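> what's the 3D shape of this:
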Amino acid sequence: MAPKPISPNEHLVIPEWINEEYFLPILKKDVKDFDKIVNFTPIAATAPGENYTSIMVRILMDILVKDGSEKRISYILKTGLDTNKGGAMVDQMGLFPKEMEMYQTYIPQFVKLYKEAGLDIELAPKCVHYEEIKDRITLVFEDLSRQNFRNIDRLKGFDLPHISCVLRKLAELHAASAVYRTVNGPYDERYYNSLFVEENRELFTSLSESNTATFMKAVKEWDIPESERFIKEFPSDTDAFEEGIRLNKVDESEFNVLNHGDSWSNNIMFNYKANGEIDRTVFVDLQMAKWGSPAQDLWYMIVTSASLDIKVTEFDHFIQIYHNRLTECLQLLNYSKRIPTLRDLHVMMIRRGSWGIFTATGVMVATLMPSDKDSNMGNMMGEGPEAEAHRYKTYTNPYYVKAMRQLLPFFHRKGILDY
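Got it, this is the predicted structure:
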């Protein structure tokens, strides 16, 4: 008998509806000659602090097939948070309908474009089941861990071989999305909005009021030369939201793509050859896809996930790696418009540089926080003494402080703090 699996998050309350009965029709469709479930074990798929916008459950099953043999099979189920635990905010952002459409429609179409051009490209895991009922969307995926896929340690970040694979994979996703747009017309309206939309102004204002003072208090403790200058350079809450509105608008005269939108290390998985070299790279978590400048994904991924020793020193090299693969893919797919030059991309990165600031002061706070049972959407974005104390802990977390000690002077040298 296999040992009882250990859950990486004993604090996760798994909804009662995630049971054998729910999975029977999925198995009948996905497993040839399926007969019955022998053992059904749901456990958390991620540790605290690894995922903030959904419930992630790994389903481990022993099943019988019709010839009498037994198989071990597993899936990853993804569904929404409870309303009082951040689910209302996630619903307001429309993340799950977007992700369902990405897996149903766009990823298969992008893969098809490459197939028709003679190249097999892998972008995301297989989604074996999707369901939309009142107040709930559920997605069930193949469990990539059974193919020995894994994430890198988010606290260490990508070394050069890993980030090179990710940049190339981003280029493949972006190129296909740009070509698809020229052939099929605009994406649905939902892909034109990030978190920075007028409907979220009140939400961001209330969060900023409770957050800014805590953040600035922490900055003074980071021991950064000229920290007072950086504090003065930071935009006000109002200016920051207005800049977010500007970033959200798409300039159709520029080169645009369908950004992954949440391209940090936990949303990218790798498997490896016998000699340790990276073999395959895939994206997961497509909830925040956004049509617009590729600068969004590039800033987001580099800021959150490049290892500290190369985050700043190799920045220009990263853009070159991405540009080389982007050009190859656009040419392969017969992109009918002008292909951006490397210079064009560097200009985009400066013009859209605030994505770097917003990423560093937003999502990077979470991505560099060691696993903590209190790391959840409620504490990251809630109000009250407990949430404020948790945010202060994240702002003074040594991993975060070390990154910001590099990034703030870097942003200053690039001129992107100059509002």
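> How about the most centrally placed residue in the chain, nearest residue that isn't a chain neighbour?
Central residue of the chain (C-alpha atoms, centre = their mean): residue 262, 2.7 Å from the mean position. Nearest residue to residue 262, sequence neighbours excluded (C-beta to C-beta, 6 or more residues apart in numbering): residue 288, at 4.3 Å. From N, CA and C alone the C-beta is placed, and that goes for glycine too.
> What is the neighbour count of that neighbour?
23 (other C-beta atoms under 10 Å).
> now residue 341
12.
> what residues are up against the closest residue to it other than its chain neighbours?
Nearest non-adjacent residue to residue 341, counting by C-beta to C-beta, 6+ apart: residue 323, 8.0 Å away. Contact partners of residue 323, counting by C-beta atoms under 8 Å, 6 or more residues apart in numbering, are 171, 340, 341, 342, 345.
> Residue 29 is in contact with residue 140, correct?
No. Between residue 140 and residue 29 there is no contact under C-beta atoms under 8 Å: 10.5 Å.
> Which of the two has more residues huddled nearby?
residue 140 (23 against 10).
> part of a strand, is the more buried one?
Yes. Per DSSP: H, G, I helix; E, B strand; the rest coil, residue 140 lies within a strand segment.
> any idea how far residue 105 is from it?
Separation of residue 140 from residue 105 (C-beta to C-beta, to the nearest Å): 17 Å.
> Same question for residue 402.
41 Å.
> In which helix or strand does the residue nearest to the centre of the chain reside?
Using DSSP states H and E, residue 262 is not contained in any helix or strand.
> Next one: it from residue 194, what distance?
Distance from residue 262 to residue 194, by C-beta to C-beta: 11 Å.
> Return every residue with contacts to both of these two.
residue 288.
> Spell out which residues are contacts of both of residue 140 and residue 29.
128, 129.
> next helix or strand past the strand or helix carrying residue 171?
Using DSSP H and E, the element containing residue 171 is helix 160-184. Downstream of helix 160-184, the first helix or strand assigned by DSSP H and E is helix 201-219.
> Could you list every helix and strand in contact with that following helix?
Where contact means 3 or more C-beta pairs under 8 Å, 6 or more residues apart in numbering; DSSP states H and E, helix 201-219 is packed against helix 227-233, helix 237-248, helix 385-395.
> how does it look with 6 Å?
In terms of contacts (3 or more C-beta pairs under 6 Å, 6 or more residues apart in numbering; DSSP states H and E), helix 201-219 is packed against helix 227-233, helix 385-395.
> Please identify the buried residues of stretch 36-46?
The neighbour-count check on stretch 36-46 (16 or more other C-beta atoms under 10 Å) flags 37, 40, 42, 43, 44, 45, 46 as buried.
> make that stretch 335-353, sorry
Here stretch 335-353 shows 335, 340, 345, 346, 348, 349, 352, 353 as buried, counting by 16+ other C-beta under 10 Å.
> Closest one to residue 249 out of those residues, please.
residue 352 (11.0 Å; C-beta to C-beta).
> Might one say that that closest one is in contact with residue 293?
Yes. Using C-beta atoms under 6 Å, residue 352 is in contact with residue 293, at 5.1 Å.
> quick one: least confident helix or strand in the chain?
helix 87-93 (a mean of 49; mean pLDDT, DSSP states H and E).
> got a list of what the closest residue to residue 294 other than its chain neighbours touches?
Nearest residue to residue 294, sequence neighbours excluded (C-beta to C-beta, 6+ apart): residue 257, at 4.9 Å. Contact partners of residue 257, counting by C-beta atoms under 6 Å, 6 or more residues apart in numbering, are 174, 177, 178, 294.
> low-scoring stretches of the protein, by residue?
Along the chain, segments meeting pLDDT under 70 span 1-4, 49-52, 82-94, 210, 373-384, 419.
> what about the strands in it?
34-44, 55-65, 70-79, 127-133, 136-142, 257-259, 268-272, 278-283, 290-292 (DSSP state E).
> Adding distance to residue 302, write those strands out as CSV.
Shown next, in CSV, are these (distance: least, C-beta to C-beta, whole Å):
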stretch, distance to residue 302
strand 34-44, 29
strand 55-65, 25
strand 70-79, 26
strand 127-133, 28
strand 136-142, 27
strand 257-259, 13
strand 268-272, 13
strand 278-283, 16
strand 290-292, 17
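> Select, out of those, the one closest to residue 318.
strand 268-272 (14.4 Å).
> The closest one: how far from the chain's middle?
Centroid displacement of strand 268-272 relative to its chain, using C-alpha atoms, centre = their mean, to the nearest Å, is 15 Å.
> go on, stretch 318-326?
With C-alpha atoms, centre = their mean, you get 20 Å for stretch 318-326.
> same question, stretch 355-371
That offset, for stretch 355-371, works out to 12 Å (C-alpha atoms, centre = their mean).
> Would you map the helices across the stretch 251-400 of the chain?
With DSSP state H, counting those that start in this stretch as the criterion, the stretch 251-400 of the chain has helices at 295-305, 315-332, 342-351, 354-361, 363-367, 377-381, 385-395, 398-414.
> For the second one, buried residues please.
To tie it back to what came earlier, the one meant is helix 315-332. Neighbour count says helix 315-332 has 315, 318, 319, 321, 322, 323, 325, 326, 327, 329, 330, 332 buried, by 16+ other C-beta under 10 Å.
> Now do that helix against helix 295-305, angle only.
140 degrees (axes from the mean of the first three to the mean of the last three C-alpha atoms, to 10 degrees).
> what does the third one give?
Comparing the axes of helix 342-351 and helix 295-305 via the same axes, to 10 degrees yields an angle of 70 degrees.
> Alpha carbons of helix 342-351, in CSV - could you do that?
The C-alpha coordinates for helix 342-351 follow below in CSV (Å, rounded to 0.1, in the frame of the first residue of the first chain):
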residue,chain,number,x,y,z
LEU,A,342,15.3,45.1,-30.5
ARG,A,343,15.4,48.8,-30.2
ASP,A,344,11.6,49.0,-30.3
LEU,A,345,11.5,46.5,-27.4
HIS,A,346,13.9,48.5,-25.3
VAL,A,347,11.8,51.7,-25.9
MET,A,348,8.7,49.8,-24.9
MET,A,349,10.3,48.7,-21.7
ILE,A,350,11.1,52.3,-20.8
ARG,A,351,7.7,53.7,-21.9
